[in-house]
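Chemist: Just to be clear, the model below is a prediction. Sequence and coordinates:
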Amino acid sequence: MTVFSTRRACPACGQSFAELDPRLFSFNSRHGWCESCYGTGVEMPGFDEQQSGEELWWNEWYAHTPEPCGSCQGQRLNPTALNVRFRGRSIAALAADSVAQSAQFFSRLRLGPRERQIARDLLAEIRARLQFLERVGLGYLQLDRAAPTLSGGEAQRIRLAAQLGSNLQGVCYVLDEPTIGLHPRDNAVLLESLSELTGHRNTLVVVEHDEETIRRADHVIDLGPEAGVRGGELVGAGTVKQLTANPRSTTGRFLREPLLHPARPHRAVNAATPRLTLAGVTLHNIKGRDVQIPLGRLVVITGVSGSGKSTLARDVLYANLRRRLSGAAPPAGRRRRTGNGALIGCAALEGLEQLDRVLEVDQTPIGKTPRSCPATYIGFWDEIRRIYAGTTEARMRGYSASRFSFNTSGGRCEACEGQGVRTIEMSFLPDVKVLCDVCGGRRFNAETLAVRWREASIGDVLAMNVDDAAGFFAAHARVHHALSLLQDVGLGYLTLGQPSPTLSGGEAQRIKLVTELSKVRDEAVRAQRARHTLYVLDEPTVGLHMADVEKLIQVLHRLVAAGNTVVVVEHNLDIMAEADWILDMGPEAGDAGGRIIAQGPPAHIARRRHSHTGRVLEEFLRHRTRPQERPVEARRA
């Protein structure tokens, strides 16, 4: 027998409860949150009810994996809220479902007469909002997913879904690369959602590099003709047809004459190809899968958003290799001794003896202070300092190479400590950086700047862009080689002394790639195979124009040609078409993903009709494959 009380009180123990209130089920309210974690669901020492969790210092803290709250077990709510059930489930249990699972639950929900009266407007609103989230490709996200764990693209699409449900009219929306993180399959869904917004008499201004999005635009504004100081000009404005006919437009040229693939013949993968094997990968949505990575190849991991690509590449492959390959380089002719740390997310790791090191090349800044710049990060600034120390004027003054360093006292401008800028602290506003009024941004003191080589001071060299510096140092092989590599990746417009914090993510990533290429000459590496590096890149085409993607492809091939392995997580079809080997994950996102559903060269993946990647790649290769690479039947057709 079950006893109920209309007074919300127990006559036996005397415990009572207040009347249920919507605030009870909110972990952002003191009425509902867990009193131990204040609604965060995790152990956050020092956090209290006066803080929001959105402060900058907490987002630095959240970069580490926090432990779930011991009181609520990560459910964020207090015991009273968690013991209110609907269809046998608490609100926390419902929120733990993915968007797709929740949509299915509410679509199948059958209510009694009284329940229908209560939920008349609510149910329609819930179903509509879940539908909007699915339409922008986020059906795999859990409803209670913590905001700091969302990618930039996911956060942007959540905001887009909120606007789709607002039914506002006459609004101007500004979107910055909404296709970031989207598989080509989902691009069409996103574009339809954007079209729906314009159908409500709204205006959409979209910053985008995606070819399909550009082709769907009603009006295109093209800036250029190049980057940096050589850009900023309105090259063209009008329809896509008008843009493709514009001879000054780089974007128009790539729309008119898109890249053909492969840029170089694919490297074969066969039984004799050495492999790295991850046995029993089990992490997040990947459940007990064996994964093989062919070494000495360009390997691209594909799949819809949320299928487990980054989990495999970064959380398992890179994390384990970094732990096992840490330490200094081994002596010549000897292999590295590997560590024995516990493996993360897999049962075994085989083939490790064939690697010397692992490196993740991401888009994080290359430095946090203005003293850091491309010349110091890549390493050729030391050679330039030696050049100036070798001049007659420097020898007469007794200056060594250290005199021409802006990181140490002696030769630098002490007013700005070699930064070229000074920070003005504002009482109630963010700090402001202004050009140093002593050195004028040249970073060195007057005595150091008096030393000249080829009529240029060391400060003048810092102000040179890469293209000009390449000619200036043409006779110095080491410096010229690094500058040529910067030109090869499309960074000829950067100045040698450009402060690192001002670089974009794409620029920072390409500078890191140049650093790797500048360490060794390809011919020497091929001869001795001294250091076999495995590089991991997660969506390196983010923020890159089609012209920059072409240059990135050449850099990736150069790394592999030097005897290394490059593993790329990518949605860009141009990168997929260049792969020697593709690992396609899916078939869907979340719990419906986490499997390798196809693997092989691009042409093999394109024949796999059950693969979302295969279907879009087949259409892409039909029009973008070089004539000599196409099958005979396709050429006849």
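Modeler: Received, thanks.
Chemist: close enough to count as contact, Ser102 and Leu143?
Modeler: Yes. Applying Cβ atoms under 8 Å, one finds Ser102 in contact with Leu143, separated by 6.0 Å. No exception for glycine: its C-beta is placed from N, CA and C like everyone else's.
Chemist: between those two, which one's more packed in?
Modeler: More crowded of Ser102 and Leu143, by other Cβ atoms under 10 Å: Ser102, with 22 against 14.
Chemist: Overlap of the contact sets of Ser102 and Leu143?
Modeler: Taking Cβ atoms under 8 Å, 6 or more residues apart in numbering as the criterion, Ser102 and Leu143 both touch Leu94.
Chemist: Let me see the contact set for Leu259.
Modeler: 546, 549-550, 553, 574, 624.
Chemist: I'd like to know which of those residues are buried.
Modeler: 546, 549, 553, 574, 624 (16 or more other Cβ atoms under 10 Å).
Chemist: where does this structure have low pLDDT?
Modeler: Across the chain, the ranges flagged by pLDDT under 70 are 51-59, 61-65, 152, 327-341, 520-531, 629-637.
Chemist: hmm, 50 instead?
Modeler: 56, 328-337, 522-529, 632-637 (pLDDT under 50).
Chemist: domain parsing for it?
Modeler: Domains of the chain are assigned by automatic domain parsing as 22-96, 154-256, 275-364+503-636, 374-501.
Chemist: just the buried ones among the contacts of Leu259 now: which is nearest Ile301?
Modeler: Distance to Ile301, by Cβ to Cβ, is smallest for Asp574 among the buried ones among the contacts of Leu259, at 15.6 Å.
Chemist: how far away is Leu82 from Cys34?
Modeler: Noted for Leu82: a distance of 9 Å to Cys34, by Cβ to Cβ, to the nearest Å.
Chemist: And the two? Which one has more around it.
Modeler: Higher neighbour count among Leu82 and Cys34: Cys34, with 23 against 19, using other Cβ under 10 Å.
Chemist: any idea how far Gly492 is from the nearest residue to that one once chain neighbours are set aside?
Modeler: Of all residues not flanking Cys34 in the chain, Cys72 sits nearest, at 3.9 Å (Cβ to Cβ, 6 or more residues apart in numbering). From Cys72 across to Gly492, the span is 55 Å (Cβ to Cβ).
Chemist: more crowded one of the two?
Modeler: Cys72 (24 against 20).
Chemist: show me what contacts that one?
Modeler: Cys72 neighbours (Cβ under 8 Å, 6+ apart): 34, 36-37, 41, 78, 82.
Chemist: Make TSV out of these and add distance to Phe17.
Modeler: Formatted as TSV, the contacts of Cys72 follow (distance: Cβ to Cβ, whole Å):
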residue	distance to Phe17
Cys34	17
Ser36	20
Cys37	22
Gly41	23
Asn78	11
Leu82	13
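Chemist: number of nearby residues for Ala347?
Modeler: 12.
Chemist: quick one, strands of the stretch 51-200 of the chain?
Modeler: 172-176 (DSSP state E, counting those that start in this stretch).
Chemist: what is in contact with Leu82 and Cys34 at once?
Modeler: 72, 75.
Chemist: For Thr448, what are phi and psi?
Modeler: Dihedral pair for Thr448: phi -70, psi -40, per degrees, to the nearest 10.
Chemist: Export stretch 403-420 to PDB, keeping only CA atoms.
Modeler: Only the C-alpha atoms of stretch 403-420 are listed here, as PDB (Å, rounded to 0.1, in the frame of the first residue of the first chain):
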ATOM      1  CA  ARG A 403      73.200  43.100 -27.800                       C
ATOM      2  CA  PHE A 404      70.700  42.500 -30.500                       C
ATOM      3  CA  SER A 405      68.200  40.600 -28.400                       C
ATOM      4  CA  PHE A 406      65.000  42.500 -27.300                       C
ATOM      5  CA  ASN A 407      64.500  39.900 -24.500                       C
ATOM      6  CA  THR A 408      67.500  40.900 -22.400                       C
ATOM      7  CA  SER A 409      68.700  44.200 -21.100                       C
ATOM      8  CA  GLY A 410      71.700  45.900 -22.700                       C
ATOM      9  CA  GLY A 411      70.600  46.600 -26.200                       C
ATOM     10  CA  ARG A 412      66.800  46.800 -26.000                       C
ATOM     11  CA  CYS A 413      64.700  49.800 -25.200                       C
ATOM     12  CA  GLU A 414      64.300  49.700 -21.400                       C
ATOM     13  CA  ALA A 415      61.300  52.000 -21.500                       C
ATOM     14  CA  CYS A 416      59.100  49.300 -23.100                       C
ATOM     15  CA  GLU A 417      61.500  46.400 -22.100                       C
ATOM     16  CA  GLY A 418      61.800  45.400 -25.800                       C
ATOM     17  CA  GLN A 419      58.100  45.000 -26.400                       C
ATOM     18  CA  GLY A 420      57.700  48.000 -28.700                       C
END
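Chemist: buried residues in that stretch?
Modeler: Buried, per 16+ other Cβ under 10 Å, within stretch 403-420: 403-406, 411-413, 416-420.
Chemist: who touches it?
Modeler: 369-371, 376, 384-385, 388-389, 394, 399, 402, 422, 435-439, 441-445, 447-448, 451, 458, 497, 499.
Chemist: Stretch 219-238 now?
Modeler: By Cβ under 8 Å, 6+ apart, the surrounding residues in contact with stretch 219-238 are 214, 239-240, 242-243, 246, 248-252, 465, 490, 493-494.
Chemist: can you rerun that using 7 Å?
Modeler: 214, 240, 242-243, 246, 248-252, 493-494 (Cβ atoms under 7 Å, 6 or more residues apart in numbering).
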